[in-house]
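please work out how this folds:
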Amino acid sequence: MSVVLSTAELSAADRRERWHEAVSQAFVPLDVNILEEDPSPGRIVTHQLGVTQVSDVQAGSQEVTRSKRLIARDGKEFLILTLQRRGSAVKEQDGRECLIEPGDFSISDSSRVFRKKVEREACFISFQFPRKELRVRDEDLQALTATAFSGRGGSAALVATYFTRLARETAGFDDFVGRQFVATGLDLLALFINERRGRFTPQAPETAAAMMVRVKDHILQNLSDPDLSPTTIAAAHFISVRYLHKLFQLEGSTVGEWIRMQRLERCRRDLLRSPALGLGVAAVARRWGFVSPSHFSRVFRAAYGIAPRDWQLHGLSGEQHTAE
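Here you go, the predicted structure:
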């Protein structure tokens, strides 16, 4: 269930006090200094996924500070991952200052003093979770706070994309599913931090889980490539083919099986749409990386119990008829 905190219905005079309450209620206690003479309307929409809070924030120009006084008062140790959607912000923590622009993400630690300043109206998404949930060394985390990570390329882009999609779908998750997706996201974040700090350890459980997210995302982005193989996938992620196979074995599958099923599912979907797309069976198969039409027909029938041509013509009714 979402919780909405908004100052839109209040007079400009009342917004200042209410916004300070809203920010401290939604996050850890913070000192809020609104920099506008007439405060703009602010809005915070929050969802809870287990111990992780996801917040979508729209706010005007302001400065928020986590002071020693507030830290001493509540003693809360939370991490906050922030994805900047619109506008920019300046963050300070651990002796660093950085500019966060749209598409960037950053990390703050509530157990130490930090400051964030927004010059103009901005929108951002934050994930707030207990420090103990992220399995990385304190010194590694402290080295990366108040740092802008660009979501436009490299491993940072995968982190940004995953958490952006997670925030978008949060309202539709039940508690169990939400917890699992958050856990995967934190594994991915831990892998990212360890990579940045030169501590990549393939044997660690969180590394394996996060690596699988990266590998599967890469596969899905390249399904149409007939040359996609364990060798090319492993090379793209700087891991051995043996380790790649081990990752899939932990899930009770193989690299080839997982690729084949992803391709087949997309062919199955597109075959029903193929008349509108103007594509025949062979064209649909090639579209998703199947080079041989005869091979495609065999694996499609083995997977679904119906020939691709019959599925194209009759869909579910043909599948049910074949099963009878």
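
from here on, just use CA atoms for contacts and neighbour counts.
OK.

tell me who's in contact with the residue nearest to Phe27 when sequence neighbours are not counted.
Leaving out its chain neighbours, the residue that sits closest to Phe27 by CA to CA, 6 or more residues apart in numbering is Gln128, at 7.6 Å. Under the criterion of CA atoms under 8 Å, 6 or more residues apart in numbering, the contact list for Gln128 reads Phe27, Thr52, Gln53, Val54, Phe78, Leu79, Ile80, Leu81.

Gln128 belongs to a strand, doesn't it?
Yes - the secondary structure assignment for Gln128 places it in a strand, going by DSSP: H, G, I helix; E, B strand; the rest coil.

how far away is it from Ala236?
Spatial separation of Gln128 from Ala236 under the definition CA to CA, to the nearest Å is 32 Å.

any chance of the contacts of Gln128 in a markdown table with pLDDT and distance to Cys98 as columns?
Formatted as a markdown table, the contacts of Gln128 follow (pLDDT from 0 to 100; distance: CA to CA, whole Å):
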| residue | pLDDT | distance to Cys98 |
| --- | --- | --- |
| Phe27 | 89 | 21 |
| Thr52 | 94 | 25 |
| Gln53 | 94 | 24 |
| Val54 | 95 | 23 |
| Phe78 | 96 | 20 |
| Leu79 | 97 | 17 |
| Ile80 | 96 | 16 |
| Leu81 | 97 | 15 |
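
export those to JSON lines and append columns for secondary structure and distance to Ser292.
As requested, the contacts of Gln128 are exported to JSON lines (DSSP: H, G, I helix; E, B strand; the rest coil; distance: CA to CA, whole Å):
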{"residue": "Phe27", "secondary structure": "coil", "distance to Ser292": "56"}
{"residue": "Thr52", "secondary structure": "strand", "distance to Ser292": "47"}
{"residue": "Gln53", "secondary structure": "strand", "distance to Ser292": "48"}
{"residue": "Val54", "secondary structure": "strand", "distance to Ser292": "46"}
{"residue": "Phe78", "secondary structure": "strand", "distance to Ser292": "53"}
{"residue": "Leu79", "secondary structure": "strand", "distance to Ser292": "51"}
{"residue": "Ile80", "secondary structure": "strand", "distance to Ser292": "50"}
{"residue": "Leu81", "secondary structure": "strand", "distance to Ser292": "46"}
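
and the residues you listed, which two are the farthest apart?
Val54 and Phe78 (13.0 Å; CA to CA).

pLDDT value on Gly252, please?
As summarised for this prediction, Gly252 has a pLDDT of 88.

which SS class is it?
When states are read from three-state DSSP, the local structure at Gly252 comes out as coil.

count of neighbours near it?
Under the neighbour criterion other CA atoms under 10 Å, Gly252 is assigned a count of 8.

cool, and the one 10 residues further on?
The number of residues packed near Gln262 is 15, by other CA under 10 Å.

same question, the one 4 residues further on
With neighbours defined by other CA under 10 Å, the count for Arg266 comes to 15.
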